[in-house]
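> here is a sequence with its predicted model. Questions after.
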Amino acid sequence: LPPTIELALNDPRLFAYGELLGVKGIENCSKHFKTLELFSRFDWGHYLAHKEEFIALTPAMQKKLKMLTVCQMAMHKSLLSYLEISEAVEIKAENPKQMVREVEALVLDCISNSLLECRIDQRKRQLHILNLSASALSGRDISSSRLT
C-alpha cells in the first residue's frame, strides 16, 4: 500500500484521495496514511509544523501540497494577495519580482490543473477567486468556508 500512496501523491494530475483513504487497512500504514490525510485535509503550514509525522515529501509532492494550500485559502476568501500566498506556502524569494513570478507560477499550475478559476490582477498583486473544483475541495471541511 505505501508505494500506491506515494504514486498517487506524486501524480501531478491526481488531487482527490477519498478512494485511497477508504481502503481497508490503510490506517495501518502510519506515516503514509497521515501523509495522505495531510493532502486531503490540511495545508503546507500543517506539514511544516508536524513534519516528523509524515513521509519525506518529494519536490512533486511539495508542489502539489502548495497548490492545495492555495485552494484551501480560496475556500475562505474570494480575494487573495500575492503576499498572503507567498507566506502561506513559504516562497522565499530574493526580491519582490521573483516572489511575484513564483506566486504566479503556482497559481497558473492550479489553473492549468483545473483546481481553481480566478482573475489575476498583476498590478494589485491579487487573485480574484471565481470558482474551485470539486477535486480541490475533496475531503476538506467546507462548513466554515465562504462556499457554504
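Looks like it came in fine. Numbering: from 1, shown residues only.
> beta partners for the residue lying closest to Ala74 once chain neighbours are set aside?
What sits nearest to Ala74 in space, not counting adjacent residues and going by C-beta to C-beta, 6 or more residues apart in numbering, is Ile129, at 4.4 Å. The way it works is simple: take the backbone N, C-alpha and C, and place the C-beta from them, glycine included. Counting by DSSP bridges, Ile129 is bridged to Cys118.
> for burial, what's the neighbour tally of Ile129?
Ile129 is flanked by 22 other residues according to other C-beta atoms under 10 Å.
> same deal with Glu87?
Using other C-beta under 10 Å, Glu87 has 11 other residues around it.
> only alpha carbons, please: show the helix or strand hosting it as CSV.
In the assignment (DSSP states H and E), Glu87 maps to helix 82-88. In CSV, the C-alpha atoms belonging to helix 82-88 read as follows (Å, rounded to 0.1, in the frame of the first residue of the first chain):
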residue,chain,number,x,y,z
TYR,A,82,0.3,37.5,-3.5
LEU,A,83,1.9,38.3,-0.1
GLU,A,84,-0.7,36.0,1.7
ILE,A,85,0.0,33.2,-0.7
SER,A,86,3.8,33.6,-0.6
GLU,A,87,3.7,33.5,3.2
ALA,A,88,1.3,30.5,3.4
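> what's the mean pLDDT across the helix or strand following that helix?
Once helix 82-88 ends, the next helix or strand along the chain (criterion: DSSP H and E) is helix 96-112. Here the mean pLDDT over helix 96-112 is 96, rounded to a whole number.
> may I ask you to confirm that Leu9 is in contact with Phe39?
Yes - assessed by C-beta atoms under 8 Å, Leu9 is found in contact with Phe39 at 6.1 Å.
> which residues are common contacts for these two?
Between them, Leu9 and Phe39 have Met61, Lys64 as joint contacts when contacts are counted by C-beta atoms under 8 Å, 6 or more residues apart in numbering.
> just to revisit the earlier point, distance check, the residue nearest to Ala74 against Cys29.
Taking C-beta to C-beta, to the nearest Å as the criterion, Ile129 is separated from Cys29 by 34 Å.
> so what's the most centrally placed residue in the chain up against?
For the chain, the residue sitting closest to the mean C-alpha position, by C-alpha atoms, centre = their mean, is Leu68 at 1.4 Å. Applying C-beta under 8 Å, 6+ apart, we find Leu68 in contact with Phe15, Phe39, Asp43, Leu115, Ala136.
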